[in-house]
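Asks: Quick one: sequence plus predicted model below, questions after.
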Amino acid sequence: MKYKAAFTCYDLAWKFVIPLLRHNTRLAEGFDQRRFRNATPHAADIWIQAASAGESYLAWELLKNLHPARPLRIHLTSNTRQGIEILQSAVAHTANDLTISYFPFDRPAVMEAAVKSIHPQVTIFLETELWPGLLAALKRYGCRTLIINGRITEKSFQRYMIWPGLWKQLKPDKVLAISTNDARRFAELFDMQSVEIMPNIKFDRLAGSADEFQTDNSLNTLLKPESAFVALASVRQEEEADVEKIILHLRKEYPAAIIGLVPRHLHRAAYWQETLARLSIPFQMRSETVQPAAEGSVILWDKFGELMNVYARAQAAFIGGSLAPLGGQNFLEALTCGVIPVIGPYWENFAWVGREIIQEKLLQVATNWKNAAEMLINHLASPPSRKTVRQKSLHFLKKRQGGTAQACRVINHFLETSSKPY
């Protein structure tokens, strides 16, 4: 009875909050889809929820490698525009029938309508996607649920454990977690035995992801072959003050270097425009750059989807989300492009990679912004062999692959054993 009352309150809270969310620039896009208004998606065999860009790439990897008995109807959702664009790019790479939309708000009444319309046999959540409204509706309609590439930080785990009884009632049918610690947390949260450990799908995806950027790089016309280029990538708002110091230090110690500044969230480009102007640092927006950049200038990225191009051209790269306690951003992409990434001390979100990567000298962890800046300067002065770094990184990744194949086997098993024919 208390769960019914809790869901009634949860539904009412969403009812009052949703109109306010229209004023959020990010959520205003696709707002009717998020409310599931005027939405009539076809019934699907599988519903895959990919929160943002990173998870959407994982969904793409699954779609490329899922070989069911016959073509499937698959509904794909994401919370962000970048995620939607990546999922749309995946359409040409699968024989399955795909539909794509923004992920609905988790108001129970909205999710009831969405699940009733889509009514999937199997719903797949990538990494950590725990939505009470959706999980409850899926259980009512007998849809099986699966968490793939599951990860849950200790901080998130403690937050979920405020109401452990709720998650025990809503637990998925199976969890494939990317580490022993993640598996332990999921098993305790859901009070379930069916938690398996899988290799992270990112190891599979990254192994071949850098090939096309080595020879066909759109930045080759914007950077002279002899230009020293350093990337400050996936910079988060909470560490902007420290990254500003890195920029100033780089310009002092290596004034000829061109800096590629890539905010993690592109709307922060406006902040960096003001900051660079205040510091009298010459810069140009990436979207307006058509001629080779001048020595000592900054290229400020306001264009999505070019991060691999940036890494493939850089002699040195700092990966953000790591100078403030944010858990870090993906540094493996830089590594597969042949550049040894420099990160700050906070990278617990990528602890699944293992500290062996440091021992093999494929990652440098700085203690603070100044330490990071000095590492970048050393790489600019004497860049490690891109070919050697790439070979070592691919060997490192190859030993850790197989997650996609394991996940696809489980998905196919769920489809084959489902009580609903497909």
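Replies: Looks like it arrived, so ask away. Numbers count the residues shown, from 1 in each chain.
Asks: tell me which element residue 232 falls in.
Replies: strand 229-235 (DSSP states H and E).
Asks: hmm, I was thinking of residue 371
Replies: Residue 371 belongs to helix 369-381, assigned by DSSP H and E.
Asks: Next, count neighbours for residue 395.
Replies: 11 (other Cβ atoms under 10 Å). Every residue, glycine included, has its C-beta placed from N, CA and C.
Asks: Relative to the whole chain's centre, how far out is stretch 28-40?
Replies: 23 Å (Cα atoms, centre = their mean, to the nearest Å).
Asks: List the buried residues in that stretch.
Replies: Buried residues in stretch 28-40, counted by 16 or more other Cβ atoms under 10 Å: 30, 33-36, 39.
Asks: Please apply the same query to stretch 48-65.
Replies: Buried-residue list, stretch 48-65, by 16+ other Cβ under 10 Å: 48-63.
Asks: for the stretch 301-422 of the chain, what are the low-confidence residue spans?
Replies: 419-422 (pLDDT under 70).
Asks: now the strands: where do they sit in it?
Replies: 316-319, 341-343, 364-365 (DSSP state E, counting those that start in this stretch).
Asks: from the middle of its chain, how far away would the second one be?
Replies: When you say that, I think you mean strand 341-343. The answer for strand 341-343 is 18 Å, by Cα atoms, centre = their mean.
Asks: what helices or strands is it leaning on?
Replies: Other helices and strands packing on strand 341-343, by 3 or more Cβ pairs under 8 Å, 6 or more residues apart in numbering; DSSP states H and E, are strand 316-319, strand 364-365, helix 369-381.
Asks: rerun that using 7 Å as the cut-off
Replies: In terms of contacts (3 or more Cβ pairs under 7 Å, 6 or more residues apart in numbering; DSSP states H and E), strand 341-343 is packed against strand 316-319, helix 369-381.
Asks: okay, the spatially most central residue of the chain: pLDDT?
Replies: Nearest residue to the geometric centre of the chain (Cα atoms, centre = their mean): residue 54, 2.2 Å. On the pLDDT scale, residue 54 is placed at 87.
Asks: host element of it?
Replies: Going by DSSP H and E, residue 54 is in helix 53-65.
Asks: so after that helix, what's the next helix or strand?
Replies: strand 73-78.
Asks: coming back round to it: tell me which of the strands of the stretch 301-422 of the chain is the most buried.
Replies: Compared across those, strand 316-319 shows the largest average neighbour count, a mean of 29 (mean count of other Cβ atoms under 10 Å).
Asks: CA atoms of that strand as PDB?
Replies: This file holds the C-alpha atoms of strand 316-319, laid out as PDB (Å, rounded to 0.1, in the frame of the first residue of the first chain):
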ATOM      1  CA  ALA A 316      49.200  16.100 -26.300                       C
ATOM      2  CA  ALA A 317      45.800  15.800 -24.700                       C
ATOM      3  CA  PHE A 318      44.200  16.600 -21.400                       C
ATOM      4  CA  ILE A 319      40.900  14.800 -20.700                       C
END
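Asks: Check the offset of it from the chain's centre.
Replies: 18 Å.
Asks: go on, stretch 316-335?
Replies: On Cα atoms, centre = their mean, the centre of stretch 316-335 falls 12 Å from the chain's centre.
Asks: mind checking the end-to-end distance for that stretch?
Replies: From its first residue to its last, stretch 316-335 covers 11 Å (Cα to Cα, to the nearest Å).
Asks: Could you list the residues in contact with it?
Replies: 54, 153, 202, 206, 230-236, 238-239, 242-243, 246, 264, 307-308, 311, 339, 341-350, 353, 362-363, 369, 372, 376, 379-380, 393 (Cβ atoms under 7 Å, 6 or more residues apart in numbering).
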